[in-house]
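A.B. asks: no sequence on this one, just coordinates:
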């Protein structure tokens, strides 16, 4: 007991249990916060960056998104970045409002005719960061065998349209909503 502060020894150790309980609680909270943390991804050319959940793994795909991550435990939870070319002098507003762009993505990418999917644009918001306009989009997606939820953000820079999307099954949506919002909101253009 020589390592205990003299005050604790004088109080007969009555404070020892609450102090140890507090220290243990702090350690446990710290561990759970780290497990639910975010890691940083920066493109090899340094052009863009975003955060992705700790415990997710990058997977390589051919003829698909530029970057894909998925959860190792809930493997149907994904994060993907698609980069498309647009006319170099166009900005996001030239493509339409947040709702118009969200509806176009819904019809052409998320639930195109004949895909067997149905999607509803739940919300479309606009935000401004460092002189770039971002559209944040939320979708409810109905597949033949299950329902999914998807968040996406889109931005145009130097003739490229960036679309970062996070998707999960509807049952897990309430648990990951805030996390996905942080991930989608983290997308930044670096140069």
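C.D. replies: Looks like it arrived, so ask away. Quick caveat: nothing in here was measured; it's all calculated off a predicted structure. Residues are numbered from 1 along each chain as shown.
A.B. asks: thought residue 155 was touching residue 134?
C.D. replies: Yes - Residue 155 is within contact range of residue 134, at 4.8 Å (criterion: Cβ atoms under 8 Å). The C-beta positions use only the backbone N, C-alpha and C, and glycine is treated the same way.
A.B. asks: list the contacts of residue 43.
C.D. replies: Contacts here follow Cβ atoms under 8 Å, 6 or more residues apart in numbering; on that basis residue 43 touches 49, 67, 190.
A.B. asks: try residue 124
C.D. replies: The neighbourhood of residue 124, defined by Cβ under 8 Å, 6+ apart, consists of 97, 98, 99, 101, 102, 135, 136, 137, 138.
A.B. asks: okay, now the domains of this structure?
C.D. replies: Domain assignment for the chain by automatic domain parsing gives 1-35, 38-189.
A.B. asks: and the last one, how far apart are its ends?
C.D. replies: Pointing back at domain 38-189 there. Chord length of domain 38-189, first to last residue, is 18 Å (Cα to Cα, to the nearest Å).
A.B. asks: what residue lies at the spatial centre of the protein?
C.D. replies: Against the mean C-alpha coordinate of the chain, by Cα atoms, centre = their mean, the closest residue is residue 183 at 2.6 Å.
A.B. asks: out of the contacts of residue 43, which is nearest to residue 92?
C.D. replies: Proximity to residue 92 was ranked across the contacts of residue 43 by Cβ to Cβ; first place goes to residue 190, at 17.7 Å.
A.B. asks: mutual contacts of residue 155 and residue 134, please.
C.D. replies: Residues touching both residue 155 and residue 134 (Cβ under 8 Å, 6+ apart) are 92, 187.
A.B. asks: which pLDDT value belongs to residue 63?
C.D. replies: Reading off the per-residue confidence, residue 63 sits at a pLDDT of 85.
A.B. asks: the chain should start at 302 in everything you say after this.
C.D. replies: With 302 as the first residue, the last one maps to residue 364.
A.B. asks: ok, it - contacts?
C.D. replies: Contact analysis of residue 364 by Cβ under 8 Å, 6+ apart lists nothing.
A.B. asks: quick one: it from residue 378, how far?
C.D. replies: Here the distance between residue 364 and residue 378 works out to 22 Å (Cβ to Cβ, to the nearest Å).
A.B. asks: run through the chain and note the low-pLDDT ranges.
C.D. replies: Across the chain, the ranges flagged by pLDDT under 70 are 302-337.
A.B. asks: out of the domains of the chain, which one sits most buried?
C.D. replies: For those, the largest average neighbour count (mean count of other Cβ atoms under 10 Å) is found in domain 339-490, namely a mean of 16.
A.B. asks: for the closest residue to residue 360 other than its chain neighbours, give the beta-bridge partners.
C.D. replies: Nearest residue to residue 360, sequence neighbours excluded (Cβ to Cβ, 6 or more residues apart in numbering): residue 369, at 5.1 Å. Per DSSP bridges, the residues bridged to residue 369 are residue 360, residue 381.
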